[in-house]
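Novice: sequence-free structure coming up:
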């Protein structure tokens, strides 16, 4: 498809160039109407302005993907030609709703109205650059809350002969082609309009439960994090839409393969909510990193270094390979001891040629899709380490909690607030390890009420 599209676009451009050259070669009195450039058929954009986006959306009503290798360029392009005094951020945020996008320009008297604009934005960014990009005013206006973030832990670079199987490549290509063939509905005036997918009763119950969970998380979070949780129900719906269309198109049995099937079932909605829940936790973790003190950041980077070396490392290896603490034996020992005290690692004895030695070993942390706020209150969750769905039971006292319960790297601001609400002074809090603080909060937590079960049906 891409080859044919490229060829037709090139042919149209050549015809336009010939028509324009012929028009310009004539006398002004004989020229007539100036030829119009051909509409560009594309589904991807990179370097763009909002005006250029409006042109592309009119030519491509199915939408476009803004794919940036470095998304920092997109952030830095805001109001680039308006001396940083324009409203690009607000206009991009309005595009997020997918309802309406308008452009009015006095210079060329251009006025455009685009209903139901479909624009997706994706890209990568280095952590340090990301920290610089996330300005406080962006958080206040809710821009980061509209993104789905993913920051995989750093791993040691290792050569591998593994490749994506050709069978999988072909299956994804066929699925993409099948989805591309889907057509919109039409309203009473013959204009294209979205087709609605209804929820089954089971899917509706799953979504209502997740919607309420997000409300609890937003209430218990700080202002910035609350904005992200408030957007997640919308993302769960979007995930469910994509997932159900893909499931319908890729059904193994021909009788079940129905891309036009107008329902979202419970299984798809549950998977969509799991993914949105994981995204909420990931966003919380990344926001916490943005709020870190210098000491907290240095300790986290040390943990990431240990993780990249397979989860365990000696002091000597750290001295030689961890640049921030290069040749700083005593400081490395001090920080490893701090991690041991915080319950995030332990010393492991290892044999050497001369005398027994030891390595610092990281202890695994939970990667459950449950939010910190909702742990113990969610009826369904998934652990990305195992890939299997599982059900959570109501919160239990700390001595009966299952293995893998999330223990934060440091006592978070929310934990401090909860501890102060329980009568602890700041000096008392400073003496606690994250594990101790977690146990105190878990022991005094209010058990889940029966209302959650009623909502879940």
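Specialist: Received the coordinates, thanks. Remember, it's a predicted structure, so these values are computed and weren't measured experimentally. Numbers count the residues shown, from 1 in each chain.

Novice: you'd agree residue 188 is in a strand?
Specialist: No - under DSSP: H, G, I helix; E, B strand; the rest coil, residue 188 sits outside any strand and is assigned coil.

Novice: pLDDT at it, what is it?
Specialist: In this model, residue 188 is scored at 88, pLDDT.

Novice: Distance check, it against residue 262.
Specialist: Distance check for residue 188 against residue 262: by Cβ to Cβ, to the nearest Å, it reads 19 Å. C-beta: built from backbone N, CA, C; applies to glycine.

Novice: Using the record, which stretches count as separate domains in the chain?
Specialist: 1-37, 39-133, 170-179+194-290, 294-362 (automatic domain parsing).

Novice: from these, which stretch is densest packed?
Specialist: domain 170-179+194-290 (a mean of 18; mean count of other Cβ atoms under 10 Å).

Novice: Look at that domain and report the distance between its end residues.
Specialist: Start-to-end span of domain 170-179+194-290 (Cα to Cα, to the nearest Å) is 40 Å.

Novice: between the domains of the chain, which gets nearest to residue 142?
Specialist: domain 170-179+194-290 (5.0 Å; Cβ to Cβ).

Novice: who wins for proximity to residue 148 among the domains of the chain?
Specialist: Across those, closest to residue 148 is domain 170-179+194-290 (Cβ to Cβ), at 5.1 Å.

Novice: can you list the domains of the chain in a markdown table and add distance to residue 156?
Specialist: Below are the domains of the chain laid out as a markdown table (distance: least, Cβ to Cβ, whole Å):
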| stretch | distance to residue 156 |
| --- | --- |
| domain 1-37 | 36 |
| domain 39-133 | 17 |
| domain 170-179+194-290 | 21 |
| domain 294-362 | 5 |
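
Novice: With distance to residue 438 and mean pLDDT as added columns, please give these in CSV.
Specialist: Listed next are the domains of the chain as CSV, based on distance: least, Cβ to Cβ, whole Å; pLDDT from 0 to 100:
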stretch, distance to residue 438, mean pLDDT
domain 1-37, 51, 74
domain 39-133, 26, 82
domain 170-179+194-290, 15, 89
domain 294-362, 9, 88
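
Novice: for those domains, which one sits closest to residue 423?
Specialist: The nearest among those, by Cβ to Cβ, is domain 170-179+194-290 at 18.8 Å.

Novice: Was I right to think residue 360 contacts residue 336?
Specialist: Yes - assessed by Cβ atoms under 8 Å, residue 360 is found in contact with residue 336 at 4.5 Å.

Novice: Need the overlap of contacts for the two.
Specialist: 315, 345, 347 (Cβ atoms under 8 Å, 6 or more residues apart in numbering).

Novice: Just give me the closest of those to residue 73.
Specialist: Closest to residue 73, out of all of the shared contacts of residue 360 and residue 336 and judged by Cβ to Cβ, is residue 345, at 38.3 Å.

Novice: Ignoring the adjacent residues along the chain, who's closest to the closest one?
Specialist: Of all residues beyond its chain neighbours, the one nearest residue 345 is residue 339 (4.4 Å), with distances taken as Cβ to Cβ, 6 or more residues apart in numbering.

Novice: helices and strands around the helix or strand hosting the one you found, which ones?
Specialist: For residue 339, the element it lies in under DSSP states H and E is helix 329-341. Secondary-structure packing of helix 329-341 (3 or more Cβ pairs under 8 Å, 6 or more residues apart in numbering; DSSP states H and E): helix 294-308, helix 315-321, strand 345-350, strand 357-362.

Novice: if we can go back for a sec, what's the residue nearest to residue 345 in contact with, if anything?
Specialist: Residue 339 touches 299, 302, 303, 345, 360, 362, counting by Cβ under 8 Å, 6+ apart.

Novice: how much space is there between residue 38 and residue 32?
Specialist: For residue 38 relative to residue 32 (Cβ to Cβ), the value is 18 Å.

Novice: just checking, residue 89 is part of a helix?
Specialist: Yes - the assignment for residue 89 is a helix, going by three-state DSSP.

Novice: Thought residue 138 was touching it, still the case?
Specialist: Yes - the criterion here is Cβ under 8 Å, and residue 89 meets it with residue 138 at 7.2 Å.

Novice: quick revisit: any chance of the contacts of residue 339 in TSV, plus distance to residue 75?
Specialist: Below are the contacts of residue 339 laid out as TSV (distance: Cβ to Cβ, whole Å):
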residue	distance to residue 75
299	28
302	29
303	28
345	36
360	37
362	33
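
Novice: Apart from its chain neighbours, what residue comes closest to residue 261?
Specialist: residue 248 (4.8 Å).

Novice: Likewise for residue 118?
Specialist: residue 63 (2.6 Å).

Novice: thinking again about what came up before, quick check, nearest of the contacts of residue 339 to residue 158?
Specialist: residue 362 (18.1 Å).

Novice: Next, find the distance separating the closest one from residue 304.
Specialist: When residue 362 is compared with residue 304 (using Cβ to Cβ), they lie 10 Å apart.

Novice: Likewise for residue 211?
Specialist: Counting by Cβ to Cβ - residue 211 and residue 304 are separated by 34 Å.

Novice: all strands of this protein, in order?
Specialist: Ranges of strands within the chain are 44-45, 64-70, 100-105, 110-115, 119-124, 185-186, 192-193, 198-199, 263-264, 312-313, 345-350, 357-362, 381-382, 389-390, based on DSSP state E.

Novice: Minimum distance to residue 425: which of the ones you listed has it?
Specialist: Nearest of these to residue 425, taken as Cβ to Cβ: strand 345-350 at 28.6 Å.

Novice: Next, the angle strand 357-362 makes with the closest one.
Specialist: Counting by axes from the mean of the first three to the mean of the last three Cα atoms, to 10 degrees, strand 345-350 points 150 degrees away from the direction of strand 357-362.

Novice: helices and strands around strand 345-350, which ones?
Specialist: helix 329-341, strand 357-362.

Novice: any chance of these in CSV, with distance to residue 277 too?
Specialist: Shown next, in CSV, are those (distance: least, Cβ to Cβ, whole Å):
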stretch, distance to residue 277
helix 329-341, 28
strand 357-362, 25
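
Novice: Would you enumerate the residues in contact with the residue nearest to residue 118?
Specialist: Contacts of residue 63 by Cβ under 8 Å, 6+ apart are 43, 57, 117, 118, 119, 120.

Novice: Leaving out the residues flanking it, which one is nearest to the fifth one?
Specialist: To tie it back to what came earlier, the one meant is residue 119. residue 95 (5.3 Å).

Novice: Please tell me I have it right and that neighbour contacts residue 117.
Specialist: Yes - proximity of residue 95 to residue 117 meets the contact threshold set by Cβ under 8 Å, at 5.6 Å.
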